[in-house]
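Visitor: Starting from these lines, generate the structure:
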Amino acid sequence: MEKSTSKKTPAKKSTGNTAKTTPEMSPVLHQFFLDELKDIYWAEKHLTKAIPKMQKAATSEELANAFADHLKATEGHVSRLEQAFELLGEKAVAKKCDAMEGIVKEGESIIEDTEEGTSTRDVGLILAAQKVEHYEIATYGGLHQLALTMGHNDVAEILEQTLSEEKEADQLLTDIAENNVNYAANREQ
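Guide: Numbers count the residues shown, from 1 in each chain. As a prediction, the model looks like this:
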């Protein structure tokens with residue numbers, strides 16, 4: 001994609017717990033933003049149940065440990081989203097995320113379709129986990145930009161922190177795959 005050469009309009013400073021919308025903020029965009037926050041909130045809460053299953057299914061100790069660490073991070077993401085809702089003067093409410101439900105179901109089918117104790121299962125778990133990470137990266141990236149656009153700088157900071165952690169998790173999964181798991185799976189009979 002080509003980068004736009006137009007100048008960005010600086011975001012207006014948010015004052016935290018203010019009215020839900022301000023005169024210069026679109027109420028339609030604000031509601032869309034809230035709906036998407038509710039969507040990712042559901043997704044993160046759903047992942048706190050799915051990640052332990054992936055951890056248990058992992059053959060590689062390194063991968064199992066990465067899942068354990070990411071479970072703790074995901075619990076932090078849930079807390080941060082609750083903070084974001086609070087800063088917006090909203091109650092933290094989850095709205096079912098069909099996309100994450102589908103990605104998690106796909107991960108569950110990988111566990112069912114691969115042999116326990118194999119590196120091939122770990123390859124599948126990494127692929128499934130990276131699909132989760134990429135969905136989260138796209139969501140948090142878009143929400144971060146929307147928060148800036150609407151002047152919710154405090155919320156944008158929270159979203160940016162989670163976005164950074166999701167990118168780190170994705171890179172860790174790539175490293176585990178490239179440095180160990182993929183090669184071991186390639187040698188399996």
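Visitor: Look up how far Leu148 lies from Leu173.
Guide: To Leu148, Leu173 is 28 Å away according to Cβ to Cβ, to the nearest Å. Just so you know, the C-beta spots here come from the backbone N, C-alpha and C atoms, and that holds for glycine as well.
Visitor: I should have written Ile158 there, sorry.
Guide: 12 Å.
Visitor: Low-confidence bits of this protein, can you list those?
Guide: The chain contains residues with pLDDT under 70 at 1-24.
Visitor: Tell me where it has strands.
Guide: Counting by DSSP state E, one finds no strands in the chain.
Visitor: quick one, what contacts the nearest residue to Ala184 once chain neighbours are set aside?
Guide: Once flanking residues are discounted, Ala184 sits nearest to Ser119: 3.8 Å by Cβ to Cβ, 6 or more residues apart in numbering. For Ser119, the contact set (Cβ atoms under 8 Å, 6 or more residues apart in numbering) comprises Thr59, Ser60, Val181, Asn182, Ala184, Ala185, Arg187, Glu188.
Visitor: Buried ones among those residues?
Guide: Thr59, Ser60, Val181, Ala185 (16 or more other Cβ atoms under 10 Å).
Visitor: right, and the last one touches Val123 too?
Guide: Going back to what we said before, that points to Ala185. Yes - under the criterion of Cβ atoms under 8 Å, Ala185 makes contact with Val123 at 4.7 Å.
Visitor: residues touching the residue nearest the centre of the chain, list them.
Guide: Residue closest to the average C-alpha location in the chain (Cα atoms, centre = their mean): Glu136, at 2.9 Å. Contact partners of Glu136, counting by Cβ under 8 Å, 6+ apart, are Ile40, Ala43, Thr162, Glu166.
Visitor: any idea how far Val93 is from it?
Guide: Where Val93 is concerned, Glu136 sits at a distance of 19 Å (Cβ to Cβ).
Visitor: And Lys105, by the same measure?
Guide: Note on Lys105: its distance to Val93, by Cβ to Cβ, is 23 Å.
Visitor: what about the helices in this protein?
Guide: 27-57, 61-87, 98-113, 119-149, 153-176, 182-186 (DSSP state H).
Visitor: now, of those, which is deepest in the fold?
Guide: helix 119-149 (a mean of 21; mean count of other Cβ atoms under 10 Å).
Visitor: Cool, thanks, signing off.
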